[in-house]
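Undergrad: Based on what follows, work out the 3D shape:
(2 chains)
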Amino acid sequence: MTTLSRRDLVAGAGAAALLGPMPTRAQGANIARIAMAGSIRTLDPTMTSSADEYIYDVLVFNGLVRIKEDMTIAPDLAESWSWDSSLKSCTFKLKPGVKFHNGREMTSADVVATFRRIVDPATGAIARNTFEMIEAIEASDPLTVTFTLKYPYAGFVDILGDRQAKIVPADAIETMATQPIGTGPFRFRSHTPGDRIVLVRHDDYFEKGLPKLAGVELRMMPEMSSRLNALKAGDIDIVWELNPEDIKVLRENPSLRVESVTSASWDTAVMNNTIAPFNDVRVRKAFHLAVDKRDVIDLTLFGEGAPVHSPIAPSSAAFATDLPIAKSDPAAARKLLREAGYPNGVKVPLVIPVGRATRERLGVTLQQLARPGGFDIEIQRVPAARYLAEVSGKAPLYVDGYLARPTLDTATYSFLHSTGVFNNLLWHYNNPEVDKTLEAARRAIDPVQQREHYVQLQRLLYDNPPGFFAYAVNFGCAYRSALKGVTAHPMRWFDLRNASFA
Amino acid sequence: MLVYAARRILGMVVVLFAMSAVVFAAIHLLPGSVAHMVLGEYATADAVAALELKLGLRDPILVQYWRWLSGVLHGEFGQALSIDQPVARLIGGALERSAALGGMSLLLVAIMGIALGIHSAVHRGSLSDRVLTMMQYTLIAIPEFFWCTVAIIVFAVWLGWLPATGYTPLADAGLLQWLRHLILPVICLSLGLTAHVSRMVRSSMLEAIESRYVLAARAKGVPERLVLLRHALPNAMLPAITVLAIDAGILIGGIVVAETVFSFPGLGSLLMYAIQNHDIPLLQAGMLVVTAVYSLATLVADLASAMLNPRIRLGAAH
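TA: Predicted coordinates:
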């Protein structure tokens, strides 16, 4: 007969205590935990530049307006706005009684200071390009701000919902990077680099009764498998930007809720329009004839995406539905290459970023699919950190991707206009007709007229592509089922004001 | 013994000095501009130039190295670039957490490795010895990240007994919560090394058991338990200590892997963060600390071996 010794009993009791049930949600704090792959580099919203940092921006700060999940604009810190007849002056009335996390009331002086800092070249803010049309910012009283623009720009209110356009206190700008102060639903408590950022409820938040959570933790977990295991084990409540290959499997887990929504984020094979062979539009078109975009989506994204002609996603009202998504025609592709002076096809290196699985897969997919069309592609793997210095705007062909922008103008102008900042980091595309169309679209007030300009833009790009717009990638998120009141935002951030645990 | 210890400590200082130069050079060969990483991709050329001047990045590399080294010698590690906090504080916090992970793992490795090694040697050829041998080879052959993943899936995801990731400070959550976060990474880190140590202890113990002095002890009629503990074990422990010290070095590599898989905020995670963010002061200090810990482990092992075996220190003194 087996007998239990006293030592066994003590050991057993110890093990049971350690391995006992996990603390339940009810016992723990009412805190939502979001896992993110990257790290947060700066706490100053004006200086943020990565998708992970934008999640933080939206939780801690407010803009004058906000972009809702349906991509329409709603007032945030602004109560209302009005244009003058020339569309060059826009005046905002601010909500009264909005408090910063330090208890001070937000005024128009803070808005003025925030935007003057964004447009100052010395700041080096990424959003300076977005707001380059601002001529002057003036406050006429504590709750009124007027923006004067260099040219009529109908989409100005929309771009104020962008990620870095967050209002910060004029008297604390210098310390934003370490002691951030916003007006947002959550206030900053601590940052452990490489580990987590802890945010707690802003009790004086201006929307009464919100937020419902006591706090949010942004946990940095570089490994996707760690993030998913933590989610399944209940350590984490939200995993965002799921790999497309994980979406189907996670949907089968009853304790999770999975969303995969069309976003306007896109991946592309960038072709350098100034160097051979892609300085010839026939070669760029031949590539499109060689590769079937639907096959690319199936092979690269496991179907979790949609084909596009430009940065304009199919979810947009301006998407050109009448333009065909070309089926591959290798013979036609080879014919075009012969006409362009490449009778034996082209041999070209394709640079792909190491460690970005989807983009690596896109590169390999393109290499294989383009081969029958006469493209002999040699894959070169380069760390993503070296892209800006060595690859962007320099390599003849490389894979890269871009986040959704808040308006059609911001999504297209700087990427495709010959003077556009991103154009010069990418393909060096120069098409006067595209320039004219983009300029007309940004001045159009009538939505119908504006849509026509953007459809025309897609037609022009179809005939003369700057590179290969591969797809608009879906934004996939998984949540613990207990977390309610949050949906995947196509801009890849989370509005947790209404989130709570059931 | 003192001469030997002095020589070894001097050697360690030389190694640390050489490593600091290698680490410094290697980090400066990393691609990408530091100023761009700090200011963001959209900083103006003027802003980048101003920051490079401020950080002294335009000075010759030897000047930069000397400035950094003299700072370190004065205990001044500077500010992290990516986040405005002193490097020493960041490293200190992370080192404390990693030390808990590494220290507990090493303790487990030492206790389990020595116990299993002695058991196998004493019961050489028995069923338990053969089963242990098979298990040990399996554990040595399969890398940590596999065990980490299996442990998370079984104990965190399926059974829900232990957290899959993260860390709770002892002061915040108490001993129990603190331990809960350490159990899985400690066990996963220890598996392969325990197998390694126990193999070494087994073979050195066997050698001791079969030696003439043990035979002599048995012939004198010393009880078997005492023969093993007093005569065989001290001699068998000598290689075990060396192996433990080597394993302490291997453990540092394992900690980086385990910290990544378990999202444990230790030195490994901090180094990953520093690399991602091109935070040179943080990276340099972190690498130096890792080198120092490794050197210290080797030094302790050498000194312990020398104390146990006079031949080592006497041989070294000649």
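
Undergrad: And residue A:66, which helix or strand is it part of?
TA: For residue A:66, the enclosing helix or strand under DSSP states H and E is strand A:65-67.

Undergrad: Who are the contact partners of residue B:222?
TA: B:230-231 (Cβ atoms under 8 Å, 6 or more residues apart in numbering or on different chains). The C-beta positions use only the backbone N, C-alpha and C, and glycine is treated the same way.

Undergrad: again, 10 Å this time
TA: Residue B:222 makes contacts with B:214, B:216, B:228, B:230-231, as judged by Cβ atoms under 10 Å, 6 or more residues apart in numbering or on different chains.

Undergrad: now chain B, which segments are flagged as low pLDDT?
TA: B:31-32, B:40-43, B:310, B:312-318 (pLDDT under 70).

Undergrad: Nearest residue to the middle of it?
TA: In chain B, the centroid-proximal residue (Cα atoms, centre = their mean) is residue B:252; its distance is 3.0 Å.

Undergrad: wait, it sits on residue B:296?
TA: No: checked against Cβ atoms under 10 Å, the pair residue B:252 and residue B:296 is beyond contact range at 11.1 Å.

Undergrad: still on that earlier bit, with the contacts of residue B:222 in mind, which one is nearest to chain A?
TA: Nearest to chain A among the contacts of residue B:222 is residue B:228, at 22.5 Å by Cβ to the nearest Cβ.

Undergrad: Grab the nearest non-local neighbour of the closest one.
TA: Excluding its sequence neighbours, the residue lying closest to residue B:228 (Cβ to Cβ, 6 or more residues apart in numbering or on different chains) is residue B:122, at 6.7 Å.

Undergrad: Any quick ChimeraX command for the buried ones out of the contacts of residue B:222?
TA: Here is the ChimeraX command that selects the buried residues among the contacts of residue B:222 (16 or more other Cβ atoms under 10 Å in any protein chain shown):
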select /B:214,228,231
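
Undergrad: Just put the contacts of residue B:222 in a markdown table and tack on distance to residue B:191 and secondary structure.
TA: Formatted as a markdown table, those follow (distance: Cβ to Cβ, whole Å; DSSP: H, G, I helix; E, B strand; the rest coil):
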| residue | distance to residue B:191 | secondary structure |
| --- | --- | --- |
| B:214 | 31 | helix |
| B:216 | 38 | helix |
| B:228 | 26 | helix |
| B:230 | 31 | helix |
| B:231 | 31 | helix |
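
Undergrad: Which members of the contacts of residue B:222 are the farthest-apart pair?
TA: Across these, the longest distance by Cβ to Cβ is 14.3 Å; it joins B:216 and B:228.

Undergrad: Could you pull out the helices in the stretch 51-200 of chain A for me?
TA: With DSSP state H, counting those that start in this stretch as the criterion, the stretch 51-200 of chain A has helices at A:51-60, A:108-119, A:156-159.

Undergrad: which stretches of the stretch 401-502 of chain A form helices?
TA: Using DSSP H, counting those that start in this stretch, the helices of the stretch 401-502 of chain A run over residues A:408-416, A:421-425, A:432-443, A:447-463.

Undergrad: can you pull the buried residues of the shortest one?
TA: It stands for helix A:421-425. A:421-423, A:425.

Undergrad: swap in the third one?
TA: Judged by neighbour count using 16+ other Cβ under 10 Å, the buried positions of helix A:432-443 are A:434-435, A:437-438, A:441-443.

Undergrad: Could you dump these into JSON lines and include distance to residue A:494 and pLDDT?
TA: Shown next, in JSON lines, are these (distance: Cβ to Cβ, whole Å; pLDDT from 0 to 100):
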{"residue": "A:434", "distance to residue A:494": "35", "pLDDT": "97"}
{"residue": "A:435", "distance to residue A:494": "37", "pLDDT": "97"}
{"residue": "A:437", "distance to residue A:494": "35", "pLDDT": "97"}
{"residue": "A:438", "distance to residue A:494": "32", "pLDDT": "95"}
{"residue": "A:441", "distance to residue A:494": "30", "pLDDT": "92"}
{"residue": "A:442", "distance to residue A:494": "30", "pLDDT": "87"}
{"residue": "A:443", "distance to residue A:494": "34", "pLDDT": "83"}
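
Undergrad: As JSON lines, those residues with distance to residue A:462 would be great.
TA: Putting the buried residues of helix A:432-443 into JSON lines (distance: Cβ to Cβ, whole Å) gives the following:
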{"residue": "A:434", "distance to residue A:462": "11"}
{"residue": "A:435", "distance to residue A:462": "17"}
{"residue": "A:437", "distance to residue A:462": "13"}
{"residue": "A:438", "distance to residue A:462": "16"}
{"residue": "A:441", "distance to residue A:462": "16"}
{"residue": "A:442", "distance to residue A:462": "21"}
{"residue": "A:443", "distance to residue A:462": "23"}
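
Undergrad: and the residues you listed, which two are the farthest apart?
TA: Across the buried residues of helix A:432-443 (Cβ to Cβ), the longest gap, 15.4 Å, separates A:434 and A:443.

Undergrad: Could you give the secondary structure assignment for residue A:353?
TA: Per DSSP: H, G, I helix; E, B strand; the rest coil, the secondary structure class of residue A:353 is strand.

Undergrad: Hmm, residue A:285 and residue A:463 touching each other?
TA: Yes: with contact defined as Cβ under 10 Å, residue A:463 counts as touching residue A:285 (8.1 Å).

Undergrad: Looking at these two, which one has more neighbours?
TA: Neighbour count, other Cβ atoms under 10 Å in any protein chain shown: between residue A:463 and residue A:285, residue A:285 has more, with 20 against 10.

Undergrad: Close to chain A: what parts of the stretch 1-150 of chain B are there?
TA: B:30-33, B:36-48, B:50-51, B:80-85, B:90, B:93-94, B:97, B:145, B:148-149 (Cβ under 10 Å from any Cβ of the partner chain).
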